[in-house]
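1. Sharing a sequence plus its predicted fold:
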Amino acid sequence: QNYPLYIRSVPTKNELKFHYTVHTSLDVVDEKISAMGKALVDQRELYLGLLYPTEDYKVYGYVTNSKVKFVMVVDSSNTALRDNEIRSMFRKLHNSYTDIMCNPFYNPGDRIHSRAFDNMVNSMMVQVC
């Protein structure tokens, strides 16, 4: 339904810009999914790769087989991140999200409030910065 369940960013004065970027990139994700059509059904997970670059940031996307969308915004000046690193970060996010879904106290569709998920995202953000 394209509403965010979890948004995390490094505290900056332009945090609202990141929220806008994430929301606009969901449209690009939908376009890529519809363009792929039935090929999406054959795959267990779908790494969409670079959705679009801006002057300051690169936006990457990932979709699971249950149509859960992950969006990652990375600073363009960070040249150390390669496609394989981004893909493995999305796999970690997917695995952590799966752990949350297995929690019997979590209602699917609710905002994610999990310390384990927060810690995993924080460790990825520290690794990238």
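-> Now that the structure is in, tell me what you want to look at.
2. mind listing the helices for the chain?
-> Counting by DSSP state H, the segments of the chain that form helices are 15-36, 39-42, 83-101, 115-128.
3. Next one: the nearest residue to Ser9 once chain neighbours are set aside relative to Asp56, how far apart?
-> Once flanking residues are discounted, Ser9 sits nearest to Phe18: 4.7 Å by Cβ to Cβ, 6 or more residues apart in numbering. Where C-beta positions appear, they are placed from N, C-alpha and C, glycine not excepted. According to Cβ to Cβ, to the nearest Å, Phe18 and Asp56 sit 11 Å apart.
4. same check, this time on Phe90
-> For Phe90, the distance to Asp56 (Cβ to Cβ) stands at 21 Å.
5. Val71 too?
-> Distance of Val71 to Asp56, given as Cβ to Cβ: 16 Å.
6. What is the burial count for the residue nearest to Ser9?
-> Around Phe18 there are 16 other residues, counting by other Cβ atoms under 10 Å.
7. just checking, it touches Val73?
-> Yes - using Cβ atoms under 8 Å, Phe18 is in contact with Val73, at 5.9 Å.
8. which neighbours do those two share?
-> Shared contacts of Phe18 and Val73 (Cβ atoms under 8 Å, 6 or more residues apart in numbering): Ser9.
9. With mean pLDDT and distance to Ile7 added, can I get the helices of the chain in JSON lines?
-> Converted to JSON lines, the helices of the chain look like this (pLDDT from 0 to 100; distance: least, Cβ to Cβ, whole Å):
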{"stretch": "helix 15-36", "mean pLDDT": "85", "distance to Ile7": "6"}
{"stretch": "helix 39-42", "mean pLDDT": "56", "distance to Ile7": "25"}
{"stretch": "helix 83-101", "mean pLDDT": "92", "distance to Ile7": "13"}
{"stretch": "helix 115-128", "mean pLDDT": "88", "distance to Ile7": "10"}
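10. In TSV, list these along with distance to Gln1.
-> Output for the helices of the chain, formatted as TSV (distance: least, Cβ to Cβ, whole Å):
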stretch	distance to Gln1
helix 15-36	10
helix 39-42	18
helix 83-101	16
helix 115-128	20
